[in-house]
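> got a structure for you, letters missing:
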């Protein structure tokens, strides 16, 4: 029996409360799906998520479930920098994960769709998903467009310094500030937000090819709707996160992290997610994997192109194809298939052709963004763990 139906029998007032919230009588017997997001007006990564929530909501209904919307919005590390606000950043991850746990455990839900975009909210959602271990699918909130002349937010610090030195005018500086974030979505460079969306897919908790989809696209709305539908399938298949996020899945995620030169903050987040599942990840695993996986992704801040070009080049699946020989292809994913099966299915579909059509318009080649493993940007990943008299317990470089 579904958890929602068990608790209806134990707590008969649940039906009354549901009806008071606008549910219909026929909704009470349906599988009940929580649609949890960080929607709020706090920053561009969360301001658009209500549209994705609505799509997921429709997807659940269309497949015979009853969705319910829950929200815990997040803060923006960019807005918190330079003052005491940054001291609240990491603790917000813990509080968000706790609130999601509270939402699910205090109320009868059978599966979940989790939607968010940014630095602390993505790991918070993944930590909660792992902790709750109920059927769940993660929807990455997408990435913002680049501004004029590929302008992106991480360049504003440089322009600020140039303005202070008198190298550019106030008018020019204002132009850069006013155009660096031209849409909703995660900031368009390989910072923590973009990296963690990629990690969610690499772990197998997001559907293939869904990390860093342009936030303004119809494609992302379709992904959210399909996730709502898929939540019902996960109940039928009885697939839970602990079956997906195994040590092999975490190894895969770290391999992808090496290939994209992902954010060093990942060393805070992946071990925290793994810990929820009783898996311990030491920094040495990052060092070991980064020493053998080539760095392939030409995306800022380490590379040239804005982060919005990543999905156009084929996204996570394209990276995985390049490092396929190293990956654990037999791991289960949220699709109900193995990673290897997912990659083969994508090659048979129109996924890569659809993504690459955008590159034609931009007059950029896929290999300009995702290098072939035979021609890497550098032969090893971007993270090293050093130990010595300056850092006896280790340092991340």
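Sure thing, it's come through. In this text, all values refer to a predicted model and were calculated from it rather than measured experimentally.
> show me how the protein divides into domains.
31-146+182-396, 147-181 (automatic domain parsing).
> mean pLDDT for these - can I get that in JSON lines?
As requested, the domains of the chain are exported to JSON lines (pLDDT from 0 to 100):
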{"stretch": "domain 31-146+182-396", "mean pLDDT": "98"}
{"stretch": "domain 147-181", "mean pLDDT": "97"}
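> point out the most buried one among the ones you listed.
Highest mean neighbour count among those (mean count of other C-beta atoms under 10 Å): domain 31-146+182-396, with a mean of 20. C-beta coordinates here come from the backbone N, C-alpha and C atoms, glycine included.
> now do the same end-to-end measure for that one.
End-to-end span of domain 31-146+182-396 (C-alpha to C-alpha, to the nearest Å): 45 Å.
> can you tell me the centre-most residue of this structure?
residue 197 (2.1 Å; C-alpha atoms, centre = their mean).
> a strand runs through that one, doesn't it?
No. Residue 197: not assigned to a strand; according to DSSP: H, G, I helix; E, B strand; the rest coil it is helix.
> next up, the contacts around residue 243.
By C-beta atoms under 8 Å, 6 or more residues apart in numbering, the contact set of residue 243 is residue 332.
> where does the residue in the chain sticking out farthest from the centre land in three-state SS?
Largest separation from the mean C-alpha position in the chain: residue 166, at 39.1 Å (C-alpha atoms, centre = their mean). Look at residue 166: counting by three-state DSSP, its state is coil.
> just give the nearest non-adjacent residue to the residue nearest to the centre of the chain, would you?
Nearest residue to residue 197, sequence neighbours excluded (C-beta to C-beta, 6 or more residues apart in numbering): residue 140, at 3.9 Å.
> ok so, going back, and the residue farthest from the centre of the chain, how far from residue 227?
In this view, residue 166 and residue 227 are 50 Å apart by C-beta to C-beta, to the nearest Å.
> cool, and residue 13?
31 Å.
> ok, the residue nearest to the centre of the chain touching residue 141?
Yes. Shown here, residue 197 and residue 141 form a contact pair, counting by C-beta atoms under 8 Å, at 7.4 Å.
> which neighbours do those two share?
With C-beta under 8 Å, 6+ apart, residue 197 and residue 141 have common neighbours 117, 186.
> relative to residue 40, how far out is the residue farthest from the centre of the chain?
From residue 166 to residue 40 the distance is 38 Å (C-beta to C-beta).
> how about the contacts made by residue 310?
143, 190, 194, 212, 297, 299, 369-370.
> before we move on, the earlier item: can you convert the domains of the chain into TSV and add a column each for distance to residue 17?
Putting the domains of the chain into TSV (distance: least, C-beta to C-beta, whole Å) gives the following:
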stretch	distance to residue 17
domain 31-146+182-396	9
domain 147-181	41
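> can you tell which of the ones you listed is closest to residue 9?
With respect to residue 9, and counting by C-beta to C-beta, the nearest of the domains of the chain is domain 31-146+182-396 at 10.3 Å.
> can you give me the helices for the stretch 101-250 of the chain?
For the stretch 101-250 of the chain, the helices defined by DSSP state H, counting those that start in this stretch cover 121-132, 156-164, 170-179, 192-202, 218-237, 241-244, 247-260.
> can I get those helices in CSV including distance to residue 60?
Shown next, in CSV, are those (distance: least, C-beta to C-beta, whole Å):
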stretch, distance to residue 60
helix 121-132, 17
helix 156-164, 39
helix 170-179, 37
helix 192-202, 20
helix 218-237, 4
helix 241-244, 18
helix 247-260, 26
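> quick one: closest of those to residue 269.
Across the helices of the stretch 101-250 of the chain, closest to residue 269 is helix 121-132 (C-beta to C-beta), at 3.8 Å.
> find the nearest non-adjacent residue to residue 130, please.
residue 276 is the one closest to residue 130 (C-beta to C-beta, 6+ apart), at 3.7 Å.
> off-centre distance for stretch 220-240?
16 Å (C-alpha atoms, centre = their mean, to the nearest Å).
> to clarify, my last question referred to stretch 353-363.
For stretch 353-363, the distance to the chain centre is 23 Å (C-alpha atoms, centre = their mean).
> next one: stretch 387-397
The answer for stretch 387-397 is 30 Å, by C-alpha atoms, centre = their mean.
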